[in-house]
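J.: make a model of this:
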Amino acid sequence: MFRKAWRGEERFWKVWWLLGVPIHLVWWFVYLDLWISGLAPETFLLITVWFWPGMLGLFAACAALYLLWCTLAWRCSGNVDNRMWTYIARVLIGVGLGSFLTECALILTAPFA
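T.: Numbers count the residues shown, from 1 in each chain. As a prediction, this is how the structure comes out:
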């Protein structure tokens, strides 16, 4: 599946639902757990990235996994029966990337006082 997806030959629904949804669910469970514990996720990420050894590497690995999924989803978004889904998917991927890059920039450039 990964090879076909990398080449852009996999059906889009497989990349979106079988790869993307599990990645996003794990991320949102982490966010929900942080909110329930009373800690803003951005604050937690800022603290962990800068003060816990190895956390920057984990953050980078998670970022790479997300960017890989975005690449696979973009490449396979044309493999749909209704072309409308290609445009919807690419807009959602673009919005997600914009949000992700903004969060990364805020976390990695924020002064910690």
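
J.: can you tell me which residues contact the residue nearest to residue 1 when sequence neighbours are not counted?
T.: Of all residues beyond its chain neighbours, the one nearest residue 1 is residue 10 (6.1 Å), with distances taken as C-beta to C-beta, 6 or more residues apart in numbering. (Each C-beta comes from the backbone N, C-alpha and C, glycine too.) Contacts for residue 10 were tallied using C-beta atoms under 8 Å, 6 or more residues apart in numbering; they are 1, 4, 72, 76, 79.

J.: isn't the third one up against residue 5?
T.: It refers to residue 72. Yes - using C-beta atoms under 8 Å, residue 72 is in contact with residue 5, at 4.3 Å.

J.: Three-state assignment for the residue nearest to residue 1, please.
T.: What DSSP: H, G, I helix; E, B strand; the rest coil gives for residue 10 is coil.
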